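Participant: Any chance you could fold what I've pasted below:
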Amino acid sequence: MRSFPSSAIRNVALVGHGGAGKTSLTEALLFGAGALSRMGRVEDGTTVSDFDPEAVKHRISVSLAVAPFEWEGHKINLIDTPGYADFIGEVHAALAVADLAVFVVSAVEGVEVQTRVAWRLAAEAGIPRLVFVNKLDRERASFDRTLEQLRSAFGAGIAPLELPIGEEGAFRGVADLLTETAITYEDGKAIAGPLEEGMVPAEHEVHDALVEGIVVADDGLMERYLEGEVPSVAELEKTMARGVAEATVFPVVCGSATKRIAVDRLATFLCEIGPSPADRPPVQVSAGGGTHPVPADAGGAPLAYVFKTLVDPYVGKVSLFKVLSGTVRPDETLVNTRARSEERLHGIFGLLGKEHLELTEVVAGDIGAVAKLNGTLTNDTLAARTMPVAVPGFTVPEPVLSTAIRPRSKGDDDKLMTALHRLQDEDVTLAVRRDDETHQTVLSGMGETHLAIVLERLARKFGVEVDQEPVRVPYRETITATAEAEGKYKKQTGGHG
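Facilitator: Here you go, the predicted structure:
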């Protein structure tokens with residue numbers, strides 16, 4: 001994959017509740033960009049981002065996956081995240097490197113719990129947000145109802161850029177509120193035309209409200225608008241892009257991932273109004289007891305942040321990193337500022353699901369991967385020798401559920417702890433401890449599904465089968481002053497009794 005300048009890179013995390021269609025949207029975007037020869041299906045276990053056998057078996061995303069593609073002279077690094085609460089740690093990791101969060105919301109179920117949780121995380125981090133209302137082709141789908149829920153949940157910054165044409169099974173396209181044109185789709189192909197007469201009054205009303213909401217952010221544009229001048233589409237998009245970058249405006253677009261309706265328009269919006277790493281505030285790094293800003297400058301000293309670790313029993317550890325400054329090339333030697341050890345990046349590549357894409361360099365703002373870093377873990381910083389700084393990593397959620405495990409065969413006793421520690425390298429929300437009082441190995445995670453997936457990985461990757469049992473609580477009895485105690489006096493030969 002060729003190299004792109006920082007200004008032409010978009011790091012986009014797809015977040016939202018489970019079942020909203022994030023993985024299907026990833027497939028549609030990749031297929032539309034020519035990165036895939038055919039679209040996979042979650043039901044068939046053939047999608048790019050759900051490549052783990054556990055994800056295929058359970059038909060849910062269990063880990064984040066990176067899927068880059070090229071679109072209109074830009075490189076878009078999609079980060080598909082799980083939507084279930086048990087895997088919220090993956091959302092934390094994705095938001096740590098994303099420059100834009102796209103919230104995928106089902107037009108059938110509306111705004112659900114994990115959508116609100118992810119929105120709160122993005123808001124706390126100051127990450128720009130955009131909403132894609134999906135599944136408008138399904139029964140009981142309603143764009144108006146979903147839009148009202150979005151406004152109720154997330155405030156006045158919600159700004160629709162499109163209206164659907166048709167409902168449920170008759171959904172066939174969108175009305176562009178900026179250009180006031182209709183775009184209909186046949187087999188994923190867009191056909192532009194005039195608005196239908198029945199849509200014109202409603203479209204004009206929403207269009208005027210949208211323009212007023214945009215021009216408020218620019219005093220000069222507002223003054224011209226009040227004098228009767230109509231801003232151009234380019235001016236409106238530029239002003240909106242600034243509001244998106246400042247996380248004060250949250251555009252809403254709509255479509256259907258499985259029918260590939262308006263998916264191409266989403267990709268274009270990501271390029272036009274999505275912020276690049278160069279548009280984002282400098283990263284604050286710690287050094288010498290204070291903090292210092294580091295901008296996304298490809299000509300600066302190399303600085304990379306590891307946000308995810310994958311463990312392969314054959315390849316070893318694969319570290320996913322985002323370059324925050326400088327340009328990282330193969331065979332570069334950087335310093336792990338936590339472990340205070342040098343790491344040589346022998347081979348750098350990109351990931352498209354589990355497929356490796358050869359890279360000659362990774363510039364500031366871009367995402368890459370490297371295998372077999374000895375002491376580097378998730379949340380670590382790799383810096384130049386002349387720049388010993390540390391990037392504050394994301395906050396790891398505390399485990400909420402524990403189970404005790406024991407190996408089924410005595411031969412696996414020695415392998416168990418080694419295998420669990422390697423899984424911990426991959427999953428930072430996983431906790432392991434050995435209770436010396438109950439003599440149990442206690443595994444803690446984010447929920448029942450999370451722990452079940454961990455045990456399946458333990459058996460598949462390392463061949464260690466275990467049985468579960470309840471976590472025992474050590475029983476202690478205190479002897480009080482009023483209690484009676486019985487004992488025996490014994491005289492020791494040559495010593496004290």
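Participant: The most centrally placed residue in the chain and residue 49, how far apart?
Facilitator: For the chain, the residue sitting closest to the mean C-alpha position, by CA atoms, centre = their mean, is residue 94 at 3.2 Å. Per CB to CB, to the nearest Å, residue 94 is found 12 Å from residue 49. The C-beta positions use only the backbone N, C-alpha and C, and glycine is treated the same way.
Participant: likewise residue 137?
Facilitator: Residue 137 is 22 Å from residue 49, where distance means CB to CB.
Participant: Tell me where the stretch 1-150 of the chain has strands.
Facilitator: Counting by DSSP state E, counting those that start in this stretch, the stretch 1-150 of the chain has these strands, from start to end: 9-15, 65-71, 74-80, 100-106, 129-134.
Participant: contacts for the first one?
Facilitator: It refers to strand 9-15. Strand 9-15 is contacted from outside by 22, 25-26, 74-81, 83, 91, 94-95, 97-104, 115, 118, 122, 270-271, 274-277, 322, 363, 365-367, using CB atoms under 8 Å, 6 or more residues apart in numbering.
Participant: what do you get for the last one?
Facilitator: Taking CB under 8 Å, 6+ apart as the criterion, the residues outside strand 129-134 that touch it are 20-21, 24-25, 100-107, 119, 122-123, 143, 146-147, 150, 158, 244, 247, 250-257, 266, 269-270, 273-274.
Participant: Where does residue 304 fall, secondary structure wise?
Facilitator: According to DSSP states H and E, residue 304 maps onto strand 303-312.
Participant: Residue 356 is nearest to which of the strands of the stretch 1-150 of the chain?
Facilitator: Ranking the strands of the stretch 1-150 of the chain by proximity to residue 356 (CB to CB) places strand 65-71 first, at 11.4 Å.
Participant: what residues are up against the residue lying closest to residue 355 once chain neighbours are set aside?
Facilitator: For residue 355, ignoring the flanking residues on the chain, the nearest one in space by CB to CB, 6 or more residues apart in numbering is residue 48 at 7.9 Å. Residue 48 makes contact with 26-27, 30, 36, 40, 65, 67, 352-353, 355 under the criterion CB under 8 Å, 6+ apart.
Participant: quick one: which of the residues you listed is most hemmed in?
Facilitator: residue 65 (30 neighbours; other CB atoms under 10 Å).
Participant: Looks like that one contacts residue 51 (just checking).
Facilitator: Yes - using CB atoms under 8 Å, residue 65 is in contact with residue 51, at 7.1 Å.
Participant: intersection of neighbour lists for these two?
Facilitator: residue 353.
Participant: In stretch 430-447, which residues are buried?
Facilitator: 430-432, 440-447 (16 or more other CB atoms under 10 Å).
Participant: What are the boundaries of the strands in the stretch 301-450 of the chain?
Facilitator: Counting by DSSP E, counting those that start in this stretch, the strands of the stretch 301-450 of the chain are 303-312, 316-325, 327-328, 332-336, 341-345, 348-352, 355-358, 362-363, 367-371, 381-383, 401-407, 431-435, 440-445.
Participant: Kindly reformat those strands as TSV containing distance to residue 5 and mean pLDDT.
Facilitator: Below are the strands of the stretch 301-450 of the chain laid out as TSV (distance: least, CB to CB, whole Å; pLDDT from 0 to 100):
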stretch	distance to residue 5	mean pLDDT
strand 303-312	17	93
strand 316-325	13	94
strand 327-328	11	96
strand 332-336	19	94
strand 341-345	21	93
strand 348-352	16	94
strand 355-358	18	92
strand 362-363	7	96
strand 367-371	15	96
strand 381-383	22	96
strand 401-407	45	94
strand 431-435	41	93
strand 440-445	41	94
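Participant: any chance of those in JSON lines, plus distance to residue 195?
Facilitator: What follows is these, written out as JSON lines (distance: least, CB to CB, whole Å):
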{"stretch": "strand 303-312", "distance to residue 195": "44"}
{"stretch": "strand 316-325", "distance to residue 195": "42"}
{"stretch": "strand 327-328", "distance to residue 195": "47"}
{"stretch": "strand 332-336", "distance to residue 195": "54"}
{"stretch": "strand 341-345", "distance to residue 195": "53"}
{"stretch": "strand 348-352", "distance to residue 195": "38"}
{"stretch": "strand 355-358", "distance to residue 195": "42"}
{"stretch": "strand 362-363", "distance to residue 195": "42"}
{"stretch": "strand 367-371", "distance to residue 195": "40"}
{"stretch": "strand 381-383", "distance to residue 195": "52"}
{"stretch": "strand 401-407", "distance to residue 195": "53"}
{"stretch": "strand 431-435", "distance to residue 195": "56"}
{"stretch": "strand 440-445", "distance to residue 195": "51"}
